[in-house]
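A.B. asks: no sequence on this one, just coordinates:
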């Protein structure tokens, strides 16, 4: 990267640090499951070596290291300010299996060794062509033979319209010195355009599509996305060709539901299959035009592994996965085994119809166990118990339903075990990294958060935060309630009933009992209690 542009980009990230937190779609466990789904084996994350390019302060990498003490992580980032923050967090958490370096991606070479998973989220489109080339080179040269690389980037055609907005924002905000000034002036430009654009113009339609994003996005995202010197979208097909020139092959999208043509209706499915034949890449490029896609999260593997990729879902592989999901009837009722078809909302707000009792039993079991992942044999056994049908009769329709839900994106899948509690135990235990060290992945302040086993950031209430250090498997509910009551008596924690502080010492302990029951179930549903 030219030195002057390096300095400019470094200043941007030093002055306005990018939000550093876990991204579930980049989790090694997720990448492992997708590689397996589409025919390839990869290293179990528990023993994997992970490299993150553009790691910021480690919010996405450190939780991996905390979950997997036998694995290791290395993160590099151009911003020494953000890396210093991450190094401090590593020290607070006493992690000895992760390292962050202030380093130029272009300088990574063979001395770094090989990695089972390489993650590059939110970097590729925002650096000059020479660094884009270096990212793909590293994803090839430093990827283990069975490795999986993840790269996210902005894509056309969706970014064609957003470029109009970006150019307008830079025109007015670009000359300003401070990032906050740049953003304020850029937003003023958009207000002017919105008021002045003709109702029937392309500009007006573009603003209608993009302004909600600009108005709701946080400052760091907007500055880096719309006002940074580099933002170079490309077509998906172009990206795959660039990756191919480095000996890499397209494996999948990190959101696999976007890959399945049947999700777009019969009018799309049949013509597209005829037009594109067996080319998954051409199918997805056509679909990008159809949905005006703006962003992609692509999984890459070594070119020599391309022959093993299978885009049809295979029964043996579906059987080997475990499934997690939530199903909430849209009418607010409970799932009823008898009665008519029920419309439900699943994860990602996907709509699902539960048509027959078998569907409803599977949905009930998945929802009851969530966020724990359930293997198919458990679901088959539950259906047999409810219906009285033999397993040989039940397995095929259960697997067909799981395949349908997976294709829709209405369930999550894992190949490695997800050791989360399906119910609150008598002496609950929280994830060690969350319980033992509030520095990682817990953030400070009243709006504390933690990273769960699904690599999600979840918010924590003051009561949950107070209980976490005691969730070591040695304290029962009575001990936890007495701890809460003691904290309240010492004025380190306050209870409110209908907005009024609870002061009555007689009522304090029963109220603490209720809060423990509620908080433990909430922590379980947030994926912070282990099995």
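C.D. replies: That came through, no problem. Worth saying up front: this structure is predicted, and the values here are computed from it rather than measured.

A.B. asks: Tell me where the stretch 1-150 of the chain has helices.
C.D. replies: Read by DSSP state H, counting those that start in this stretch, the stretch 1-150 of the chain holds these helices, from start to end of the chain: 3-15, 28-37, 62-67, 80-93, 129-141.

A.B. asks: Please read the previous query as pertaining to the stretch 151-300 of the chain.
C.D. replies: 158-173, 179-196, 202-216, 219-222, 236-245, 266-276, 280-291.

A.B. asks: would you list those helices in a markdown table and tack on distance to residue 116?
C.D. replies: For every residue, glycine as well, the C-beta is placed using N, CA and C. Putting the helices of the stretch 151-300 of the chain into a markdown table (distance: least, C-beta to C-beta, whole Å) gives the following:
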| stretch | distance to residue 116 |
| --- | --- |
| helix 158-173 | 31 |
| helix 179-196 | 37 |
| helix 202-216 | 35 |
| helix 219-222 | 30 |
| helix 236-245 | 18 |
| helix 266-276 | 32 |
| helix 280-291 | 24 |
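
A.B. asks: What are the contacting residues of stretch 250-262?
C.D. replies: 25-26, 30-31, 34-35, 37-38, 40, 148, 150, 152, 240, 243, 263, 268-269, 272-273, 280-281, 283-284, 287, 296-301, 309, 311, 406-409 (C-beta atoms under 8 Å, 6 or more residues apart in numbering).

A.B. asks: which among the residues you listed end up buried?
C.D. replies: 25-26, 30-31, 34-35, 37-38, 40, 148, 150, 152, 240, 243, 268, 272, 280-281, 283-284, 287, 296-301, 309, 406-409 (16 or more other C-beta atoms under 10 Å).

A.B. asks: quick one: average pLDDT of the longest helix anywhere in the chain?
C.D. replies: Longest helix in the chain, counting residues (DSSP state H): helix 505-525. Averaged across helix 505-525, the pLDDT comes to 92.

A.B. asks: Determine how far that helix lies from the middle of the whole chain.
C.D. replies: Using C-alpha atoms, centre = their mean, to the nearest Å, we find the averaged C-alpha position of helix 505-525 to lie 30 Å away from the chain's own average C-alpha position.

A.B. asks: That helix packs against which elements?
C.D. replies: Counting contacts by 3 or more C-beta pairs under 8 Å, 6 or more residues apart in numbering; DSSP states H and E, the secondary-structure elements packed against helix 505-525 are helix 462-467, helix 477-489.

A.B. asks: still on that earlier bit, quick check: which of the helices of the stretch 1-150 of the chain is buried the most?
C.D. replies: Highest mean neighbour count of these: helix 62-67, a mean of 25 (counted as mean count of other C-beta atoms under 10 Å).

A.B. asks: Against which helices or strands is the longest strand belonging to the chain packed?
C.D. replies: Among the elements of type strand in the chain, defined by DSSP state E, the one spanning the most residues is strand 143-154. Judged by 3+ C-beta pairs under 8 Å, 6+ apart, the packing partners of strand 143-154 are helix 28-37, strand 115-120, helix 129-141, helix 236-245, strand 248-253, strand 295-302.

A.B. asks: Give me the mean pLDDT for stretch 56-63.
C.D. replies: The predicted model assigns stretch 56-63 a mean pLDDT of 94.

A.B. asks: Quick check: buried residues in it?
C.D. replies: Taking 16+ other C-beta under 10 Å as the neighbour-count basis, stretch 56-63 is seen to contain the buried residues 56-63.

A.B. asks: Nearest to residue 79, out of the residues you listed: which one, please.
C.D. replies: Proximity of the buried residues of stretch 56-63 to residue 79 was ranked by C-beta to C-beta; the top entry is residue 56 with 7.3 Å.

A.B. asks: Residue 58 reaches residue 100, doesn't it?
C.D. replies: Yes: with contact defined as C-beta atoms under 8 Å, residue 58 reaches residue 100; the gap is 5.4 Å.

A.B. asks: For these two, list the residues in contact with both.
C.D. replies: Counting by C-beta under 8 Å, 6+ apart, the shared contacts of residue 58 and residue 100 are 75, 86, 90.

A.B. asks: got a pLDDT number for residue 459?
C.D. replies: pLDDT at residue 459 comes out at 90.

A.B. asks: got it, and the one 5 residues further on?
C.D. replies: You'll see residue 464 listed with a pLDDT of 93.

A.B. asks: Return the distance of the residue nearest to it when sequence neighbours are not counted relative to residue 528.
C.D. replies: The spatial neighbour of residue 464 that comes closest, neighbours along the chain excluded (C-beta to C-beta, 6 or more residues apart in numbering), is residue 519 at 5.1 Å. The gap separating residue 519 from residue 528 is 11 Å, by C-beta to C-beta, to the nearest Å.

A.B. asks: So which of those two has more stuff around it?
C.D. replies: A side-by-side neighbour count of residue 519 and residue 528, using other C-beta atoms under 10 Å, places residue 528 first with 27 against 23.

A.B. asks: Enumerate every residue touching that one.
C.D. replies: Under the criterion of C-beta under 8 Å, 6+ apart, the neighbours of residue 528 are 430-431, 434, 450, 452, 458, 468.

A.B. asks: Helix or strand for the residue nearest to residue 526 when sequence neighbours are not counted, just tell me which one.
C.D. replies: Sequence neighbours aside, residue 458 is the residue nearest to residue 526 in space, at 4.3 Å (criterion: C-beta to C-beta, 6+ apart). Residue 458 is part of strand 457-459 when elements are defined by DSSP states H and E.
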